[in-house]
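Participant: structure of the sequence below:
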Amino acid sequence: MSVFDVFTLLGGLALFLYGMKVMGDALEKSAGKQLKNILAKLTSNTFNGFLLGLGVTLVIQSSSATTVMVVGFVNAGIMTLHQATGVIMGANLGTSVTAWLLSTAGIQGGGILEFFKPSSFSPLLAFVGILLVMFQKNAKRKDIGLILIGFAVLMTGMGLMSDSVNDLKTSTAFQSVLTRFANPVLGILVGTVFTAIIQSSSASVGILQALSMTGVISYYTAIPIIIGQNIGTCVSAMISSIGAGRNARRAALVHLYFNIAAAFIVGGGFYIVDSFVDFNFPATIDPLGIAIVHTVFKLIALVFLIPASRLLEKLAVLTVPNSKDETETSELLDERLIATPAVAIETSRKVAIDMAKLSVRSLKNSILLLNNYTDKGFEAVKAEEDKVDKYEDTLGTYLVKVSSQELTEADGHELTKLLHIIGDFERISDHAVNVAGTAQEMAEKKVTFSDKAQKEITIMIAAVEEILDASLDAFCNGDMKCAFTVEPLEEVIDYLNAKIKKRHVARLQRGECTIELGFVLNDLLNNLERVADHCSNIAGCVIEMEHDALDLHDYLDKLKSEENSHYTELYNDYKEKYVLPPKDVVNN
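Facilitator: I've put the predicted structure just below:
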């Protein structure tokens, strides 16, 4: 093998790995929405988890990426260890598709078969792909272009590697080395170490397929290497689990134990049977044969190990046991998921929902203090506000990191809106502390609102609590009906705020209220009115997230126009629902 051949081999390997990365990243990006939908349908059923892992890996063509994602899900508390086990098993089978795609490189013969050889259609795929990338503005079509280019580069690298090792078919030294790999222990070790280094079983299998085209690799050489490749692919998940919670480390170990058990059961079974039965393999293995062995190995392993999934989990728990002195702490947001922006954003949204619920609860608790103040209640509101602040800091930092990734237009839009929404919920918790402070001031000064003012405030509070519930439901459940009710109710709250202040001034002029209470009332009303403003912002963002091209200001302008009968009808309904007592009742 000449120096030129070595350089060609290295160049081919570089193109092969780069093409696989480009294709995998583009597939993952293109499948972002589907990944979020799959995440939302997680189930504790092992078989459904298996299908889920199979489906995700078929789409993104990387079992390593899937298992790293799973470790992140478990660490973030989104997925249980039992759910993760099924997904990991599915991912192991899903990656075998790459071997079948690469097996086309070994097609021999002329005529119509010539068309199915990568060297025939890869240049056309590359040309179509570059046209899509350069001249298409649509993000999905650009992703398709990158997938085609990645596949073409991958196959070009495969061809270079095959050409560079072609002379090895006559090399006695090379054949001597391969003979040693037929030793099961050495073959498994080589496959494990090589795959661990490049951290991709698909790439490792592809390189083995390229070498098989020399026509000197036997089935007995390839089988132990393939078994080792399946163990080596666990390295990515094991590295990913470093520093993670106990369950995340257990998920990575389930992946490792599955592949080690598969090696013992399938590999051991093969060599035991082989000592009694002549399998009558062909003299050498080709790329198609490697794809078949790779897939059969995984299928047999699944038949034996899916029923034993609980045993794998127990073994992982025994390896990473619970500590009596240590409590399980899982990160709300796992940075392992940042590499998959669509999933990271969906995870952020779930955490933001928890933050939103806490913020709304804090505001409602502060309102309760107005009529029943306690120091304990005041401290609880402050504690909730501190927790909401931590949520916002954590989410904001995480989302900024996600924004540094290559995002689709829809994901970028949703990320921006999430940042706005968590800011509004954080401000609502700030207003909760302000309202609690008003209650504290009134308790310390031993002052209360007059019956007239109390009736008006009660109506205002009822309207604010309804707008809080509507905006929360709109965000948490994507309820567009609730989202569209927020703006007209916010306008009614603005009207109530102005009207109550005007009535207070009249009472002040008649000497029915003190200036001191007037300041307290003004602060309370301003905080409640600002809460409604933030609810309006939240609902507007929810509507924008549902309709990517919609501009919030344009939406509000159209919504409030006289031509919008639905808005006018809602506004009038709320105005009738939250009508203040007549002046003759409160003697204003």
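Participant: for the rest of this, base every contact and every neighbour count on C-alpha atoms.
Facilitator: Fine.
Participant: F475 versus the nearest residue to C541 once chain neighbours are set aside, what's the distance?
Facilitator: Leaving aside its chain neighbours, C541 sits nearest to K417 (5.8 Å; criterion: Cα to Cα, 6 or more residues apart in numbering). For K417, the distance to F475 equals 11 Å [Cα to Cα, to the nearest Å].
Participant: okay, these two: which has more neighbours?
Facilitator: F475 (25 against 18; other Cα atoms under 10 Å).
Participant: what's near enough to touch that one?
Facilitator: Taking Cα atoms under 8 Å, 6 or more residues apart in numbering, we find F475 in contact with 353, 538-539, 542.
Participant: where does it fall, phi/psi-wise?
Facilitator: Per-residue torsions, F475: phi -80, psi -50 (degrees, to the nearest 10).
Participant: any idea how far F47 is from it?
Facilitator: F475 sits 32 Å away from F47, going by Cα to Cα.
Participant: so which residues of the stretch 151-300 of the chain form helices?
Facilitator: 172-181, 184-198, 201-212, 219-232, 235-240, 246-262, 268-274, 287-305 (DSSP state H, counting those that start in this stretch).
Participant: what subset of the contacts of F475 is buried?
Facilitator: By neighbour count, with 16 or more other Cα atoms under 10 Å, those hold 353, 538-539, 542 as buried.
Participant: wait, which of these is closest to L13?
Facilitator: Within these, the smallest distance to L13 is 45.6 Å, found for I353 (Cα to Cα).
Participant: pretty sure that closest one contacts A474?
Facilitator: No. I353 is beyond contact range of A474, at 10.7 Å (criterion: Cα atoms under 8 Å).
Participant: if we can go back for a sec, quick check: neighbours shared by K417 and F475?
Facilitator: Joint contacts of K417 and F475 (Cα under 8 Å, 6+ apart) are V542.
Participant: hang on, the earlier thing: so which helix or strand takes in the residue nearest to C541?
Facilitator: Here K417 sits within helix 409-445, counting by DSSP states H and E.
Participant: N365 now?
Facilitator: Judged by DSSP H and E, N365 forms part of helix 341-368.
Participant: pLDDT weak spots in the stretch 301-450 of the chain?
Facilitator: Scanning the stretch 301-450 of the chain for pLDDT under 70 picks out 322-332.
Participant: let's see that with 80 instead.
Facilitator: 322-337, 339-340, 406, 408-410 (pLDDT under 80).
Participant: circling back to that earlier point, so who does the residue nearest to C541 touch?
Facilitator: Counting by Cα under 8 Å, 6+ apart, K417 touches 541-542, 545.
Participant: the residue nearest the centre of the chain and L407, how far apart?
Facilitator: In the chain, the C-alpha nearest the mean C-alpha coordinate belongs to V343, at 1.5 Å (Cα atoms, centre = their mean). Applying Cα to Cα, the value for V343 to L407 is 11 Å.
Participant: quick one, domains of the protein?
Facilitator: Domain assignment for the chain, taken from automatic domain parsing, gives 3-319, 333-446, 447-588.
Participant: tell me how far the ends of the shortest one are from each other?
Facilitator: Terminal residues of domain 333-446 are spaced 45 Å apart (Cα to Cα).
Participant: please apply the same query to the longest one.
Facilitator: Across its full length, domain 3-319 reaches 48 Å end to end, with Cα to Cα as the criterion.
Participant: starting at the chain centroid, how far to it?
Facilitator: Offset of domain 3-319 from its chain centre (Cα atoms, centre = their mean, to the nearest Å): 23 Å.
Participant: can you pull out the low-pLDDT segments for the stretch 1-150 of the chain?
Facilitator: By pLDDT under 80, the low-scoring segments of the stretch 1-150 of the chain are 1-10, 12-13, 16-49, 52, 55-80, 95, 97-122, 136-140, 143.
Participant: all helices for it, in order.
Facilitator: Counting by DSSP H, counting those that start in this stretch, the helices of the stretch 1-150 of the chain are 3-30, 32-40, 46-60, 63-75, 81-94, 96-102, 112-115, 118-135, 139-164.
Participant: nearest to E444, of those helices?
Facilitator: Using Cα to Cα as the measure, helix 63-75 is the one of the helices of the stretch 1-150 of the chain that comes nearest E444, at 46.2 Å.
Participant: summarise which helices and strands that closest one is packed against.
Facilitator: Using 3 or more Cα pairs under 8 Å, 6 or more residues apart in numbering; DSSP states H and E, the elements in contact with helix 63-75 are helix 46-60, helix 81-94, helix 235-240, helix 246-262.
Participant: from R507, how far out is T397?
Facilitator: T397 is 49 Å from R507, by Cα to Cα.
Participant: now K455
Facilitator: K455 sits 14 Å away from R507, going by Cα to Cα.
Participant: neighbour-wise, which of these two wins?
Facilitator: Higher neighbour count among K455 and R507: R507, with 19 against 14, using other Cα under 10 Å.
Participant: quick one on the thing from earlier: so which of the helices and strands packed on helix 63-75 gets nearest M480?
Facilitator: M480 lies closest, by Cα to Cα, to one member of the helices and strands packed on helix 63-75: helix 46-60, at 29.3 Å.
Participant: tell me the angle that closest one makes with helix 63-75.
Facilitator: 130 degrees (axes from the mean of the first three to the mean of the last three Cα atoms, to 10 degrees).
Participant: export helix 46-60 to CSV, keeping only CA atoms.
Facilitator: What follows is helix 46-60 as a C-alpha-only set of coordinates in CSV (Å, rounded to 0.1, in the frame of the first residue of the first chain):
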residue,chain,number,x,y,z
THR,A,46,-41.4,-1.1,26.8
PHE,A,47,-42.5,-2.1,23.4
ASN,A,48,-43.9,1.3,22.6
GLY,A,49,-40.6,2.8,23.9
PHE,A,50,-38.8,0.4,21.5
LEU,A,51,-40.8,1.6,18.6
LEU,A,52,-40.1,5.2,19.6
GLY,A,53,-36.4,4.6,19.8
LEU,A,54,-36.5,2.8,16.5
GLY,A,55,-38.4,5.6,14.8
VAL,A,56,-36.2,8.4,16.1
THR,A,57,-33.0,6.6,15.1
LEU,A,58,-34.4,5.7,11.6
VAL,A,59,-35.0,9.5,11.2
ILE,A,60,-31.7,10.9,12.5
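Participant: in stretch 468-488, what's buried?
Facilitator: By neighbour count on 16+ other Cα under 10 Å, the buried set for stretch 468-488 is 468-476, 478-480, 482-488.
Participant: in helices, which of the residues you listed fall?
Facilitator: If you go by DSSP state H, the buried residues of stretch 468-488 have 468-476, 480, 482-488 in helices.
Participant: buried ones in stretch 453-467?
Facilitator: In stretch 453-467, residues buried by neighbour count (16+ other Cα under 10 Å) are 453, 456-457, 459-461, 463-465, 467.
Participant: okay, and which of these map to helices?
Facilitator: Among the buried residues of stretch 453-467, DSSP H puts 453, 456-457, 459-461, 463-465, 467 in helices.
Participant: can you verify my assumption that L358 contacts D386?
Facilitator: No. Counting by Cα under 8 Å, L358 stays clear of D386, with 10.7 Å between them.
Participant: of those two, which one has the most company?
Facilitator: Neighbours were counted for L358 and for D386 using other Cα under 10 Å; L358 has more, 20 against 15.
Participant: give me every residue that touches the more buried one.
Facilitator: Going by Cα under 8 Å, 6+ apart, L358 touches 384, 388.
Participant: ok, 7 Å please
Facilitator: Counting by Cα atoms under 7 Å, 6 or more residues apart in numbering, L358 makes contact with E384.
Participant: could you do Y571 as well?
Facilitator: Y571 sits next to 488-489, 492 when contact means Cα under 7 Å, 6+ apart.
Participant: same question, V70
Facilitator: Shown here is V70, whose contacts under the criterion Cα under 7 Å, 6+ apart are A84.
Participant: so for the helix or strand containing A498, mean pLDDT?
Facilitator: For A498, the enclosing helix or strand under DSSP H and E is helix 480-509. Within the predicted structure, the mean pLDDT of helix 480-509 is 88.
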